[in-house]
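Undergrad: just need the structure, nothing else, for what follows:
(2 chains)
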Amino acid sequence: MTNKTKQSFTRRGLLKSIGAGAGVAAASSFVPDVARFAHAQSSGPIKIGFQQHATGIGASYGRWYGRTTEAAAARINAMGGINGREVQIIAEDDGTDPKRGAEVVEKFAKQHECDIAFGTLFSHVVYGSAPRAGELKLPYFVVSEGHHVASGALNRYTLQPGITDVKSQVIAMAPFVSENLGKKVTMIYPDFAFGHDHRDFFTEAMTAQGGEIVASIAIPPTETSFTRYFPQIPRETEVLYHVMVGPAVLTFVKELGEFFGPSGPQLFGFIDSLEAVSFGSPGLEFLEGTYFWEGNPRHAQADQSEHDKAYRAAVGVNEMGASVEDEKDVSTYAHMFGCWETLNIIKAGMEASGYSGPGDRASLIEAVEAMTDMPESDDHPQGAKKFNGKTHQTFGHQYISKVMDGKLVKQHTTSIEDGMYEDEVDYTQMSF
Amino acid sequence: MEFGPHLMLAALEGAVTAAILALTAMGLSIVFGVMRVVNVAHGEFYMIGAVLAWVVASMVGVTPALGFLAALVIAPLVVGAIAVVADRVILERIAYDPDRTIVATIGLLYIIQQTTLMTFGPDARPVEPPFNHRLSLPWFEWGENGFAMFWPWGLSITSYKLFVILAAIAILTALWLFMTRTKAGLIMRATQQDSETAQAFGIPVGRVYSYVFGLGAGLAAMGAVLVVPIQQAHYLMGHDPLLLSFIVVIIGGLGSLPGTVIAAFLIGMSDGIISVFFSPTLAKIIATLVVALVLVFRPQGLMGRVER
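TA: Purely as a prediction, here's the structure:
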């Protein structure tokens, strides 16, 4: 029995595999993609595990994070991949759920044998997943906005190089709010880590500007009806600062308008309150003249850069921020650039460290930690950035837009320095 | 906001919640009353009602009013039909055994939820209300100059929310007339009282069960269609209505229609008022606590009859 098996393997089996190998080799010379990556040390693809909020409360973000990631990977592959190897995106749905997030990270490491994990947005999922990524020694590039990375709460394997954090965003914008809109602010925010970052750091930043938070109202992120919360807004409020996430954002803003009618305070919103929602939706007319933070201006501006033009075309988004194929499908334009830029940073890091496989994960992290200036370019269409290797956090420009004739028109761009703060951690001192 | 206007706003919000809840809980109550089936998938029938409302409204899309009207007719019918099929294919086969129907409807819950996710996607879908005007409401107070009327900041309701309250009252009245004044209603009540005797008198109990299950699901769908222009349709929206409907049905008395309406009003109002003055989570905690107290001190519920 043993002999027979051995015999068939050595003769017939060997011939078969030689034949198959020859066939693949012959076929590959006709397929340009395979041929292009064949010169690398190892021609196997670099596997990037993409933790995607395909379902659950982050689904709108997940859909656009997915499209942006695919577009960025396609561009990188068209340019010859990373270190001559093809980039392969392996997407797994985490259901916007911390527990499933950790399971997905584990799947990337053990089942798919990914080189790195990438992509997650919602801060509670980052919190749930990062410890597991650290245990598995899997570099985890998040495209979130929470202050969790830079606060030192996570580990050396978790980095946020492609998007600014909430602390930086609100510090940069508080002066504009207090100088132009008012000093007495009521805040409405979602009741989880990301919302708490807004509450803590904006309160701090406004106080430093001589302003005052007269009330702060936390709303569960799964809430579907909001009018009941609005009577808590004190009458003396000069500015209402709102940031909401999840599937009910349209309801939130609509009910806000119905509550205030013609006599509301000034509104300063994070575009999160209306990500993936058209400004033309019925009931949103009252937003005319109000202000929004945008990570990246949704509507193409008069001074649109060539980089934004190229990026917009690559991800299939029109001048109004909606899908080129379906104008009802509005993008999460203020956030999704983070996926594009992070993938380009991963590419630069892998090239700088000569990354060839999981054994080089530590040197990949060291290479990214060594990065500093990232100039505005096709790799960084949102704008220039400064990366801080000690805190694993990037700093960049923020945009404040005003709704004028149903369009978001940029009013103010903060400088990178406006959003800088003291280091709270030095991850480079931690062991791998 | 001052206390008086604040309370009034809370009561108005509570009335809208109560109206929708009364419809949804009534569906659950009828199904339990007649069939003795605890339908755990009830919240998902509500959810597909909302999603179908979006589908129909966006297909008809000539005017928002026409789209909404079409949704109000078509969505409950389709959801009812799905429920009838589910009854024939699943519940009838397991002979309405109380334990097995619970497990079966839990399975149905997941099937409906995942099918909706796979076909319609995970996004929240809005339906435009047929009309929606903001109505500022006045408040009266004795001041220095005597009795005066003023318009408090933020005290308002929309014309559509008022319509939801009236529509729920109309639908429940129609249901009551159907149950008490028609032959079909009589057959339903006969089946509820004693299904074996009813069968002996030639009532096709199996078919009655299917229609009742369909009617229950259709009522949930109707509540959902009314709510979509206020909220949005989303594949995970079935949880809260299911929990609140169970609370209402247990407090009102399983199978008792007047009890269900009274309990829906109580729970809807307390949810509105406690949520506004304290927090929505506290409102749910109190409602669930009331359920526990009702089960301890009056197990048959407010209006339920003691089993003999």
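
Undergrad: wait, what's in contact with the closest residue to A:Ser273 other than its chain neighbours?
TA: Of all residues not flanking A:Ser273 in the chain, A:Met244 sits nearest, at 4.5 Å (C-beta to C-beta, 6 or more residues apart in numbering or on different chains). Placement of C-beta: from N, CA and C, glycine included. By C-beta atoms under 8 Å, 6 or more residues apart in numbering or on different chains, A:Met244 lies in contact with A:188-190, A:219, A:252-253, A:272-273.

Undergrad: same thing but 7 Å
TA: Each residue near A:Met244 by C-beta atoms under 7 Å, 6 or more residues apart in numbering or on different chains is listed here: A:190, A:219, A:252, A:272-273.

Undergrad: cool, and A:Val166?
TA: Shown in contact with A:Val166 (C-beta under 7 Å, 6+ apart): A:145-147, A:194, A:197-198, A:201.

Undergrad: can we see that at 10 Å?
TA: Going by C-beta atoms under 10 Å, 6 or more residues apart in numbering or on different chains, A:Val166 touches A:123, A:144-148, A:150, A:189, A:193-202, A:243, A:270.

Undergrad: restricted to strands, list those.
TA: A:189, A:270 (DSSP state E).

Undergrad: buried subset of the contacts of A:Val166?
TA: Buried by 16 or more other C-beta atoms under 10 Å in any protein chain shown: A:123, A:144-148, A:150, A:189, A:193-199, A:201-202, A:243, A:270, out of those.

Undergrad: next to chain A, which bits of the stretch 201-308 of chain B? Give me the list.
TA: Contact residues, the stretch 201-308 of chain B versus chain A (C-beta under 10 Å from any C-beta of the partner chain): B:227, B:229-237, B:239-240, B:271-277, B:279-281, B:283.

Undergrad: restricted to buried residues, select the residues you listed in PyMOL.
TA: Buried residues among those (16+ other C-beta under 10 Å), as a PyMOL selection:
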select buried, chain B and resi 227+229+230+231+232+233+234+235+236+237+240+271+272+273+274+275+276+277+279+280+283
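
Undergrad: in strands only, show me the residues of the stretch 201-308 of chain B next to chain A.
TA: Among those, no member falls in strands (DSSP E).

Undergrad: low-confidence ranges, chain B, go.
TA: For chain B, the stretches with pLDDT under 70 are B:1, B:306-308.

Undergrad: tell me where it has strands.
TA: For chain B, the strands defined by DSSP E occupy B:134-136, B:139-143, B:146-150, B:156-158.

Undergrad: mind checking how far stretch B:144-164 is from the chain centre?
TA: 28 Å (C-alpha atoms, centre = their mean, to the nearest Å).

Undergrad: hmm, that stretch in reach of chain A?
TA: Yes - under the criterion of C-beta under 10 Å from any C-beta, chain A is reached by stretch B:144-164 at B:151-158, B:160-161.

Undergrad: quick one, which of the residues you listed are buried?
TA: B:152-158, B:160-161.

Undergrad: A:His198 reaches A:Gly269, doesn't it?
TA: No - under the criterion of C-beta atoms under 10 Å, A:His198 is not in contact with A:Gly269, lying 11.4 Å apart.

Undergrad: tell me which parts of the stretch 51-200 of chain A are close to chain B?
TA: Within the stretch 51-200 of chain A, the residues that sit near chain B (C-beta under 10 Å from any C-beta) are A:53-60, A:62-63, A:93, A:95-96, A:191.

Undergrad: sorry, back to before: what's the overlap in contacts for A:His198 and A:Gly269?
TA: By C-beta under 10 Å, 6+ apart, A:His198 and A:Gly269 have these common neighbours: A:188, A:241-243.

Undergrad: from those residues, pick the one nearest B:Thr173.
TA: Distance to B:Thr173, by C-beta to C-beta, is smallest for A:Ile188 among those, at 38.9 Å.

Undergrad: next, count neighbours for the closest one.
TA: By other C-beta atoms under 10 Å in any protein chain shown, 26 other residues sit near A:Ile188.

Undergrad: so it bridges to which residues?
TA: Judged by DSSP bridges, the bridge partners of A:Ile188 are A:Ile217, A:His242.

Undergrad: which ones are touching it?
TA: Contact partners of A:Ile188, counting by C-beta under 10 Å, 6+ apart, are A:195, A:198-199, A:215-219, A:226, A:229-230, A:232-233, A:240-244, A:252, A:256, A:269, A:273.

Undergrad: let's see it at 8 Å
TA: Taking C-beta under 8 Å, 6+ apart, one finds A:216-217, A:219, A:229, A:233, A:240-244 in contact with A:Ile188.
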